[in-house]
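Asker: Have a look at this fold, sequence not included:
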């Protein structure tokens, strides 16, 4: 398996743990539960992708691998 896969797994755990502390109920309108969950999932996926690519590119440019 590639190093990027392990970075994705590690970052996924960290992002889920960090997003668990955010109270998103106050941001969305009442009775919009499905839309809030979809937004929460898309936000998590975007964060995981961005953070993983940043870490991987940082390691590639610094030639740590």
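Answerer: Looks like it came in fine. Here the structure is a predicted model, which is why all the values come from computation and not from measurement. Numbering: from 1, shown residues only.
Asker: Which residue ranges of the chain form helices?
Answerer: Ranges of helices within the chain are 3-19, 33-62, based on DSSP state H.
Asker: of all these, which lies closest to residue 27?
Answerer: Proximity to residue 27 (CB to CB) singles out helix 33-62 among the helices of the chain, at 7.7 Å. C-beta: built from backbone N, CA, C; applies to glycine.
Asker: and the closest one, what does it pack onto?
Answerer: helix 3-19 (3 or more CB pairs under 8 Å, 6 or more residues apart in numbering; DSSP states H and E).
Asker: list the buried ones in the helix it packs on?
Answerer: By neighbour count, and taking 16 or more other CB atoms under 10 Å as the criterion, the buried residues in helix 3-19 are 7-8, 11-12, 15.
Asker: picking that back up, nearest to residue 25, out of the helices of the chain?
Answerer: Residue 25 sits nearest to helix 33-62 of all the helices of the chain, at 7.6 Å, using CB to CB.
Asker: buried ones in the closest one?
Answerer: Neighbour counts over helix 33-62 (16+ other CB under 10 Å) mark 47-48, 51-52, 55-56 as buried.
Asker: and those residues as CSV, adding pLDDT?
Answerer: Shown next, in CSV, are those (pLDDT from 0 to 100):
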residue, pLDDT
47, 96
48, 97
51, 97
52, 96
55, 93
56, 92
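Asker: Could I get these in CSV, plus columns for distance to residue 27?
Answerer: Shown next, in CSV, are the buried residues of helix 33-62 (distance: CB to CB, whole Å):
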residue, distance to residue 27
47, 16
48, 20
51, 22
52, 25
55, 28
56, 31
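Asker: if we can go back for a sec, just so I know, which of the helices of the chain lies nearest residue 26?
Answerer: Nearest to residue 26, of all those, is helix 33-62, at 10.6 Å by CB to CB.
Asker: relative orientation of the closest one and helix 3-19 in degrees?
Answerer: Angle of helix 33-62 versus helix 3-19, following axes from the mean of the first three to the mean of the last three CA atoms, to 10 degrees, is 140 degrees.
Asker: where does helix 33-62 sit relative to the chain's centre, distance-wise?
Answerer: 4 Å (CA atoms, centre = their mean, to the nearest Å).
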